[in-house]
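**Q** Test case, fold it:
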Amino acid sequence: MKMTNEPSNTTPSDEKITDETPITEAPEDVTDVGNEDKPTEETTDTPVDDSKEPAKTDENPSPTTPSQPNTEQPSSPPVQPETPVEQPTTPSTGANSGYSDTVTYPAKPTYVNGILVANKKYPLPKTYAPGESKIAREAFEEMAAAARLQSLELVAFSTYRSYDRQETLYTQYVAKDGQAAADRYSARPGFSEHQTGLAFDIGEKNMEKHWASSSFGETAAGKWVAANAHNYGFIMRYPSGKEQITGYMHESWHFRYVGKDIATAIYTNKQTLEEYLHLQ
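**A** This is a model prediction of the structure:
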């Protein structure tokens, strides 16, 4: 993966940053990569570290409730497993799994040009636990309201997930399918976008058979979300044909909040977040 800038650490600040006031630069208490070469599309709706815990539970059939739930969030729909219905038929090998042979978890989350990054190259701190993003939830609810005008009832069936919860899930998937296969559809603990609180797994109400399935992309709801999510600040994080870049198989249900302008730029240019941030 080619990087354009080297990470730089800054001194923590006492100022509290909330998701009601998104900024285009990383908070002072994070690792920031690429400050000198920011994409021109960057605007002030870029999400930052959020302080509230989510009301959403994990999608696993036996979810673990967060210790500090956000009671302001809408009630959760029935939860579903994260595992995609379609398992990879050609598992990747350890050599190209995308992970480094040695993993060092950082003390601070990494921002690249003001955008929080969590992928196979940039893990999050084990203790990073922002909860579900309030600004991302509000954007989703706005998108869901627009979808209802088209007689489509969207639900976010999985959002924030803690490091410990991801560790439990990943261990189960490795036991079931082996590590090579699991690495294509599930993040290792500390590497999951769900731990950022900005990732939303989206489905349609009463259409649970399409949740966490590529078939969601073929439904009316899935097509509508794919075509309109950028208008509300979301991108399809793992698009079809981009596995060698993102490290994960196509997930038509997994969307990441990045802000309207950045999402629109990524959508228009048919890019991944890695391509937009020059993280290849």
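**Q** Please tell me how far the closest residue to residue 229 other than its chain neighbours sits from residue 216.
**A** Taking CB to CB, 6 or more residues apart in numbering as the measure, residue 229 lies nearest to residue 255, with 5.5 Å between them; neighbours along the chain are not counted. Any C-beta I mention is one placed from the backbone N, CA and C, and that applies to glycine too. Residue 255 sits 11 Å away from residue 216 when distances are taken as CB to CB, to the nearest Å.
**Q** Report the set of residues contacting both of those two.
**A** When contacts are counted by CB atoms under 8 Å, 6 or more residues apart in numbering, residue 255 and residue 216 have residue 202 as shared neighbours.
**Q** Poorly predicted segments of this structure, please.
**A** Within the chain, the stretches with pLDDT under 70 are 1-96.
**Q** And the strands in it, which stretches?
**A** Taking DSSP state E as the criterion, the chain contains strands spanning 7-9, 31-33, 110-112, 115-117, 154-158, 199-204, 234-238, 251-257.
**Q** Dump these to JSON lines, plus mean neighbour count and distance to residue 268.
**A** Shown next, in JSON lines, are the strands of the chain (neighbours: other CB atoms under 10 Å; distance: least, CB to CB, whole Å):
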{"stretch": "strand 7-9", "mean neighbour count": "13", "distance to residue 268": "29"}
{"stretch": "strand 31-33", "mean neighbour count": "21", "distance to residue 268": "24"}
{"stretch": "strand 110-112", "mean neighbour count": "24", "distance to residue 268": "20"}
{"stretch": "strand 115-117", "mean neighbour count": "25", "distance to residue 268": "17"}
{"stretch": "strand 154-158", "mean neighbour count": "25", "distance to residue 268": "23"}
{"stretch": "strand 199-204", "mean neighbour count": "26", "distance to residue 268": "21"}
{"stretch": "strand 234-238", "mean neighbour count": "25", "distance to residue 268": "11"}
{"stretch": "strand 251-257", "mean neighbour count": "27", "distance to residue 268": "16"}
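**Q** closest to residue 97 out of these?
**A** Closest to residue 97 of the strands of the chain is strand 234-238 (CB to CB; 15.2 Å).
**Q** strands paired with the closest one, and their directions?
**A** Here strand 234-238 is paired, per DSSP bridges, with strand 251-257 (antiparallel).
**Q** For stretch 146-163, output the C-alpha coordinates as PDB.
**A** Output of stretch 146-163 as PDB, limited to C-alpha atoms (Å, rounded to 0.1, in the frame of the first residue of the first chain):
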ATOM      1  CA  ALA A 146     -36.300  10.200   2.200                       C
ATOM      2  CA  ALA A 147     -36.500   6.400   1.500                       C
ATOM      3  CA  ARG A 148     -39.900   6.200   3.100                       C
ATOM      4  CA  LEU A 149     -41.200   8.700   0.500                       C
ATOM      5  CA  GLN A 150     -40.300   5.900  -2.000                       C
ATOM      6  CA  SER A 151     -42.200   3.300   0.200                       C
ATOM      7  CA  LEU A 152     -38.900   1.900   1.400                       C
ATOM      8  CA  GLU A 153     -38.400   1.300   5.100                       C
ATOM      9  CA  LEU A 154     -34.600   1.300   5.900                       C
ATOM     10  CA  VAL A 155     -33.100   0.000   9.100                       C
ATOM     11  CA  ALA A 156     -29.600   0.000  10.500                       C
ATOM     12  CA  PHE A 157     -29.300  -3.500  11.900                       C
ATOM     13  CA  SER A 158     -25.700  -3.100  13.100                       C
ATOM     14  CA  THR A 159     -23.700   0.000  13.900                       C
ATOM     15  CA  TYR A 160     -21.100   0.500  16.700                       C
ATOM     16  CA  ARG A 161     -19.300  -2.600  17.900                       C
ATOM     17  CA  SER A 162     -16.600  -2.700  20.600                       C
ATOM     18  CA  TYR A 163     -13.200  -4.300  20.300                       C
END
